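Engineer: Sequence unavailable; structure follows:
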């Protein structure tokens, strides 16, 4: 590896090293000089070389003319493409293109003010004018703040205007949608004799997410111990070149997003029996397919053993939901329905949180609080006699 040139690095009187270089010229002929600082010569030079690499990849030489939209594009490609899961990268790109850039993209990066960001966060809405969820607003704030913090590190701006941002106090979280017992029966009846009937039983009987269900393998089910290990999730994400351009899409199987997502879920006898019947049905499909069968060991697959498309499952669900004349809830509400069934059955909230794969119990309590009965009186009865002051119950004052 060639030795780096240090002739453009000098040490100031305060001991800080400065790496200085000219990067072209402005339209008026004046040179565009940039300085980068560090506690060591190597640190300052690293910052200069990083900036030079970004210039080669399209960074505007004149940071005064760079818009926030231009910087977001560079930040996403150079700093997030290799560091984020594909699905998370797609989400970042979606929020940037659909939410952030249309409102804030035109502003010069160097002139972006805290009040402009706060007004944006306070008034952000869905396309239909309804408010976004608190978690979505928080995620958008994280994207803005992270991008601007990198701009500070790169010397493009001197401070991060997002540091002053406050998340607005949103309306109280709406009650999550869930089906009643009769509606669940109606849905399952509409799916009777369908090859994917068991998929919906598993959704309602385990609370697993759709991506987790479509990634389930038979090797992860222990019928003797009556349990299933949930370790993976599948999703369709965009395929990208090294520079971030979209070149297609494909299904990707990955580990669950969090450690809590990796979990062992006990199976009820109803779910177990349904899965055993489903496996027998799948064996018949394998026999009919002969050599065309793709052995992926998937619990839920297409008729040739391959991965199923998420949209095909949701399309089937919507069709049968409408046929059953039950409320128009999305597929994810089957997971909510499992949780509300568990609460009704008096399942301990801690174990419900673990079965759901929540990072902590506060997520469970916050999401399903509306369905949790008020047990304060019955629980308080457990405190009767704890103070052992029965002899003073007649009203005798304590000394």
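Structural biologist: Sure thing, it's come through. Nothing here was measured: the structure is a model prediction, and the numbers come from that model. Residues are numbered from 1 along each chain as shown.
Engineer: Kindly provide the distance from the residue nearest to the spatial centre of the chain to residue 257.
Structural biologist: Nearest to the mean C-alpha position of the chain, by Cα atoms, centre = their mean, lies residue 88 at 6.5 Å. Relative to residue 257, residue 88 is positioned 8 Å away (Cβ to Cβ, to the nearest Å). Where C-beta positions appear, they are placed from N, C-alpha and C, glycine not excepted.
Engineer: How about residue 44?
Structural biologist: The spacing between residue 44 and residue 257, counted by Cβ to Cβ, is 38 Å.
Engineer: Which one of these two is surrounded by more residues?
Structural biologist: In this view residue 44 and residue 257 are compared by other Cβ atoms under 10 Å, and residue 44 has more residues nearby, 24 against 16.
Engineer: Am I right that that one is in contact with residue 34?
Structural biologist: No: the pair residue 44 / residue 34 is not scored as a contact, 11.3 Å apart, by Cβ atoms under 8 Å.
Engineer: re the thing from before, what helix or strand does the residue nearest to the centre of the chain sit in?
Structural biologist: Assessed by DSSP states H and E, residue 88 sits inside helix 86-95.
Engineer: Ok, residue 151 next?
Structural biologist: helix 134-153.
Engineer: Quick check: buried residues in that helix?
Structural biologist: Neighbour-count burial for helix 134-153, counted by 16 or more other Cβ atoms under 10 Å, picks out 137, 139-141, 143-151.
Engineer: Helix, strand, or coil at residue 36?
Structural biologist: strand (DSSP: H, G, I helix; E, B strand; the rest coil).
Engineer: quick one: contacts for it?
Structural biologist: 18, 19, 20, 44, 45, 47, 48, 51, 155 (Cβ atoms under 8 Å, 6 or more residues apart in numbering).
Engineer: Repeat the analysis, applying 7 Å as the threshold.
Structural biologist: 19, 44, 47, 48, 51, 155 (Cβ atoms under 7 Å, 6 or more residues apart in numbering).
Engineer: what about it, distance to residue 47?
Structural biologist: For residue 36, the distance to residue 47 equals 4 Å [Cβ to Cβ].
Engineer: Quick one: neighbours of the closest residue in space to residue 226 that isn't next to it in sequence, just the number.
Structural biologist: Ranked by Cβ to Cβ, 6 or more residues apart in numbering and with sequence neighbours excluded, the top spatial neighbour of residue 226 is residue 267, at 4.7 Å. Neighbourhood size, residue 267 [other Cβ under 10 Å]: 20.
Engineer: Quickly note the distance from residue 267 to residue 98.
Structural biologist: 40 Å.
Engineer: Tell me where the model's unsure across this protein.
Structural biologist: 1-7, 24-30, 57-64, 170-174, 243, 390-399 (pLDDT under 70).
Engineer: ok, residues contacting the next helix or strand after the helix holding residue 151?
Structural biologist: Moving toward the C-terminus from helix 134-153, the next helix or strand (DSSP H and E) is helix 181-190. Residues outside helix 181-190 that contact it (Cβ under 7 Å, 6+ apart) are 179, 200, 201, 204, 320, 321, 323, 324, 326, 327, 337.
Engineer: Count the neighbours of the closest residue to the first one other than its chain neighbours for me.
Structural biologist: Take residue 179 and drop its neighbours on the chain: the residue closest to it by Cβ to Cβ, 6+ apart is residue 337, 4.7 Å away. Neighbour count of residue 337, defined by other Cβ under 10 Å: 23.
Engineer: Also residue 112?
Structural biologist: So residue 112, with other Cβ under 10 Å, has 20 neighbours.
Engineer: follow-up on the earlier one: pull up the overlap in contacts between residue 36 and residue 47.
Structural biologist: Between them, residue 36 and residue 47 share the contacting residues residue 19, judged by Cβ under 7 Å, 6+ apart.
Engineer: Serialize the contacts of helix 181-190 to JSON lines and add fields for secondary structure and distance to residue 67.
Structural biologist: What follows is the contacts of helix 181-190, written out as JSON lines (DSSP: H, G, I helix; E, B strand; the rest coil; distance: Cβ to Cβ, whole Å):
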{"residue": "179", "secondary structure": "coil", "distance to residue 67": "47"}
{"residue": "200", "secondary structure": "helix", "distance to residue 67": "48"}
{"residue": "201", "secondary structure": "helix", "distance to residue 67": "52"}
{"residue": "204", "secondary structure": "helix", "distance to residue 67": "49"}
{"residue": "320", "secondary structure": "helix", "distance to residue 67": "48"}
{"residue": "321", "secondary structure": "helix", "distance to residue 67": "45"}
{"residue": "323", "secondary structure": "helix", "distance to residue 67": "50"}
{"residue": "324", "secondary structure": "coil", "distance to residue 67": "50"}
{"residue": "326", "secondary structure": "coil", "distance to residue 67": "48"}
{"residue": "327", "secondary structure": "coil", "distance to residue 67": "45"}
{"residue": "337", "secondary structure": "helix", "distance to residue 67": "46"}
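Engineer: and the residue nearest to residue 234 when sequence neighbours are not counted, what does it touch?
Structural biologist: Closest residue in space to residue 234, ignoring its immediate chain neighbours: residue 215 at 4.2 Å, by Cβ to Cβ, 6+ apart. Listed by Cβ under 7 Å, 6+ apart, the contact partners of residue 215 are 232, 233, 234, 253.
Engineer: Most neighbours of all the residues you listed, which one?
Structural biologist: For the contacts of residue 215, neighbours tallied by other Cβ under 10 Å; top is residue 233, 22 neighbours.
Engineer: In three-state terms, label the residue nearest to it when sequence neighbours are not counted for me.
Structural biologist: Nearest residue to residue 233, sequence neighbours excluded (Cβ to Cβ, 6+ apart): residue 211, at 3.8 Å. Here residue 211 is helix, with the state taken from three-state DSSP.
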